[in-house]
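J.: Coordinates only, no sequence provided:
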């Protein structure tokens, strides 16, 4: 019992240190080192996670090259969160990978991974729910609540998110959104 309490205390302490201190440290170099070395996240070259990002566990987080996660994003990685290359995630986005089964007599928790493919844009304050896959080149409008998979190059908006358009097929850009103190 004492051993499990100590493990829980260390885990909670690590998350507090990650989210409360390191996540607000005004140096991307320091945050990226901590995320890679201590939190065991896979972060591609020229990808940036800005201040205020919050995570739920160690590991189970991967982001490709040239992707940007803007400030104050809630990134629940308990069920596994994979973000591709050249992805832009705007401020205050919430991505959930864990929830509770409302049909369970014990209200059991469940984890379902979220996958976001290359060239995806997620607008400010969008929410992506557990188990969702967002295909290559899709756009999630600001404030949208994504409850199911989004197809390639689809543009979705609303609550729940519905298709409102299709993005052009010619996607050939590289995101390099760098700020020194963010």
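T.: Perfect, thanks for sending it. Values in this document were obtained by computation on a predicted structure and should not be read as measured data.
J.: all contacts plus neighbour counts: C-alpha atoms, from now on.
T.: Noted.
J.: Would you mind confirming that residue 60 is in contact with residue 76?
T.: No. Between residue 60 and residue 76 there is no contact under Cα atoms under 8 Å: 9.6 Å.
J.: out of the two, which sits in the busier spot?
T.: The residue with more neighbours, out of residue 60 and residue 76, is residue 76; 23 against 18, by other Cα atoms under 10 Å.
J.: Quick check: that one vs residue 132, distance?
T.: 13 Å (Cα to Cα, to the nearest Å).
J.: before we move on, what about residue 103?
T.: From residue 103 to residue 132 the distance is 20 Å (Cα to Cα).
J.: Those two: who's more crowded?
T.: residue 132 (20 against 8).
J.: Next one: the more buried one from residue 81, what distance?
T.: Counting by Cα to Cα, the gap from residue 132 to residue 81 is 10 Å.
J.: tell me, what's touching these two both at once?
T.: By the contact definition Cα atoms under 8 Å, 6 or more residues apart in numbering, residue 132 and residue 81 are jointly contacted by 113-115.
J.: By neighbour count, which of those residues wins?
T.: residue 114 (25 neighbours).
J.: Pairing partners for residue 83 in the sheet, please.
T.: residue 63, residue 116 (DSSP bridges).
J.: Run through the residues that contact it.
T.: So residue 83 contacts 62-64, 115-118 (Cα under 8 Å, 6+ apart).
J.: From residue 115, how far off is the nearest residue to residue 173 once chain neighbours are set aside?
T.: Distances taken as Cα to Cα, 6 or more residues apart in numbering put residue 86 closest to residue 173, at 7.5 Å, once the chain neighbours are dropped. Separation of residue 86 from residue 115 (Cα to Cα) stands at 14 Å.
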